[in-house]
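Participant: Just a sequence and a predicted model for now, questions to come.
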Amino acid sequence: MTNKQTGDSVETVAPEQEIVEVIKENGGDSFKYCYQCGLCDAVCPWNRVRDFSMRKIVRQATFGLTEIDQEEMWRCTTCGTCPQRCPRGVNQIEAGVALRKLAAEYDVYPGNVAPVQTVIANLTSQGNSLGGDREQRAEWAKGLPVKPYAEGMEILYFTGCYLSYDPRMRQVATATAAILNKAGVDFGILGAAENCCGESIRKTGNEDLFKRLAKDNIKAFIDHGVKRVLVSSPHCYHTFRNEYPEFMVNFEVVFISELIAELINDGRLKLNGEYPKKITYHDPCYLGRHNGVYDAPREVLGKVPGLELNEMADSRENSLCCGGGGGHIWMETPKEDRFSDLRVRQAVEVGAEVLVTSCPYCITNFTDSSLDLDESEALEIRDLTEIIQAVL
């Protein structure tokens, strides 16, 4: 029991009630609407690979129980499936992140989340989650016709951490630059002045670090006179559109598939080649469910000569999470618990030769999972921009 000052009196507060109040203060108040129907458990991707109960976590939060299973509390990938289906409007993501904020405040992480502490150190010192040298953030553009952003340019290309440092994802940044140059778009990058958007570290409960990264990016945008921002990561897209306005700023944010569709429709980008392959498209959680972008990527792919698009069993709002959200891209996931294995299998089942998506986390996870396929089931993992680059 602890004492809580209220006016001139001192009120005795139970630890359980303290936890409930802190969860409310951190954005998890909607958990009180839960009436334990269990629909969240029925639609959760975790229950395709193991037993997991979001309903139980919400119930524990409702009563402020101090014995919440830490491993389970960190399991949610924030894919957005359960809030979309909840009949009572419970935002399970907010409730879960509120619990993580409590844990992060005391530096309490389960075993498989230990890498997050390294990520925190990387973000703090270098402004990116991969630990790359800040001054080498623009190395991917070396030798390419890519300029530093200057006020008055048409658009800022916010490259993001993975596309700046990960060798595989740098190919996506290169493809994006090629498309922009082909269409005559006057664009630039911030290079060392760019920081991680902060979306994923916020979902691990580190609110202070998120705010620090967000403020640094906002200052860079303002200092450079940025008005329109292009992103290749759904996580950057989400946080710029929906979370940065918390700081009383608004920039026009456009996702790469939306811009490509715009450039094609305006006649600025011509697709002259052919791509004679069977492909399937994966909707990233933070592009689809969280932000409703389903049509633009399909519109773009539909304009590629020779391409055959086959939808997977779970598509659009029912898309199966790759398992990388909520900070899980930095966590160790046992092979038997990988959603990405299931998704790659779905792609093979529709006869796809290429699994196309638009998210660095998804590409990373699907590439790992595709390595376990039989030789006869060879599946390429490509970003949408790489398909477009191939037919320019």
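Facilitator: Alright, I've got the coordinates.

Participant: from here on, contacts and neighbour counts on C-alpha atoms
Facilitator: OK.

Participant: and Gly273, how many neighbours does it have?
Facilitator: A count of neighbours around Gly273, defined by other Cα atoms under 10 Å, yields 14.

Participant: next one: Cys197
Facilitator: 29.

Participant: where's it relative to Ser369, distance?
Facilitator: If you measure Cys197 against Ser369 using Cα to Cα, to the nearest Å, the figure is 27 Å.

Participant: hang on, Ile381 in a strand?
Facilitator: Yes: the assignment for Ile381 (DSSP: H, G, I helix; E, B strand; the rest coil) places it in a strand.

Participant: Quick check: next helix or strand after the helix or strand Ile279 falls within?
Facilitator: Under the criterion of DSSP states H and E, Ile279 resides in strand 278-281. Following strand 278-281 in sequence order, the next helix or strand is helix 295-302 (DSSP H and E).

Participant: For that following helix, give the mean pLDDT please.
Facilitator: In this model, helix 295-302 has an average pLDDT of 97.

Participant: so for stretch 152-168, what's the average pLDDT?
Facilitator: When the per-residue pLDDT values of stretch 152-168 are averaged, the result is 98.

Participant: Can you read off the pLDDT for the residue nearest the centre of the chain?
Facilitator: Nearest to the centroid of the C-alpha atoms of the chain, with distances taken as Cα atoms, centre = their mean, sits His235, at 3.3 Å. What the model reports for His235 is a pLDDT of 98.

Participant: And it, how close does it get to His290?
Facilitator: Distance, His235 to His290, by Cα to Cα: 10 Å.

Participant: May I have the predicted confidence score for His282?
Facilitator: His282 is assigned 98 on the pLDDT scale.

Participant: residue boundaries of the strands in the stretch 201-350 of the chain?
Facilitator: Chain-ordered strands for the stretch 201-350 of the chain, with DSSP state E, counting those that start in this stretch as the definition, fall at 228-231, 252-255, 278-281, 308-309.

Participant: I'd assumed Ser164 was in contact with Ala173.
Facilitator: Yes: between Ala173 and Ser164 there is a contact under Cα atoms under 8 Å: 7.4 Å.

Participant: more crowded one of these two?
Facilitator: Shown here are Ala173 and Ser164; by other Cα under 10 Å, Ser164 has more neighbours (26 against 23).

Participant: what residues are up against the more buried one?
Facilitator: With contact set as Cα atoms under 8 Å, 6 or more residues apart in numbering, Ser164 has these partners: 137-140, 170, 173.

Participant: re the thing from before, common neighbours of Ala173 and Ser164, please.
Facilitator: Common neighbours of Ala173 and Ser164 (criterion: Cα under 8 Å, 6+ apart): Trp140.

Participant: how's this protein carved up into domains?
Facilitator: The record's domain parsing of the chain by automatic domain parsing lists 2-108, 113-263, 271-390.

Participant: Out of those domains, point me to the one whose mean pLDDT is lowest.
Facilitator: Between these, the lowest average pLDDT goes to domain 2-108, which shows a mean of 73.

Participant: Cys76 contacts Gly326, doesn't it?
Facilitator: Yes: Cys76 is in contact with Gly326 according to Cα under 8 Å; the separation is 6.7 Å.

Participant: Can you mark which positions in stretch 376-387 are buried?
Facilitator: Judged by neighbour count (16 or more other Cα atoms under 10 Å), stretch 376-387 contains these buried residues: 377, 379, 381-387.

Participant: circling back: could you list every helix and strand in contact with the strand holding Ile279?
Facilitator: Other elements packing on strand 278-281 under the criterion 3 or more Cα pairs under 8 Å, 6 or more residues apart in numbering; DSSP states H and E are strand 308-309, strand 354-357.

Participant: from the chain's centre, how far out does it sit?
Facilitator: For strand 278-281, the distance between its averaged C-alpha position and the chain's averaged C-alpha position is 21 Å (Cα atoms, centre = their mean, to the nearest Å).

Participant: Who does that strand pair with, and is each partner parallel or antiparallel?
Facilitator: Sheet pairing here is set by DSSP bridges, and for strand 278-281 it gives strand 308-309 (parallel), strand 354-357 (parallel).

Participant: mind checking which of those strands is nearest Val43?
Facilitator: Among the strands paired with strand 278-281, strand 354-357 comes nearest to Val43, with 22.1 Å by Cα to Cα.

Participant: ok, residues contacting the closest one?
Facilitator: For strand 354-357, the surrounding residues in contact (Cα under 8 Å, 6+ apart) are 277-284, 344, 347, 363, 379-384.

Participant: Tell me which stretches of the stretch 1-150 of the chain form strands.
Facilitator: Listed in chain order, the strands of the stretch 1-150 of the chain (DSSP E, counting those that start in this stretch) span residues 2-6, 9-13, 147-148.
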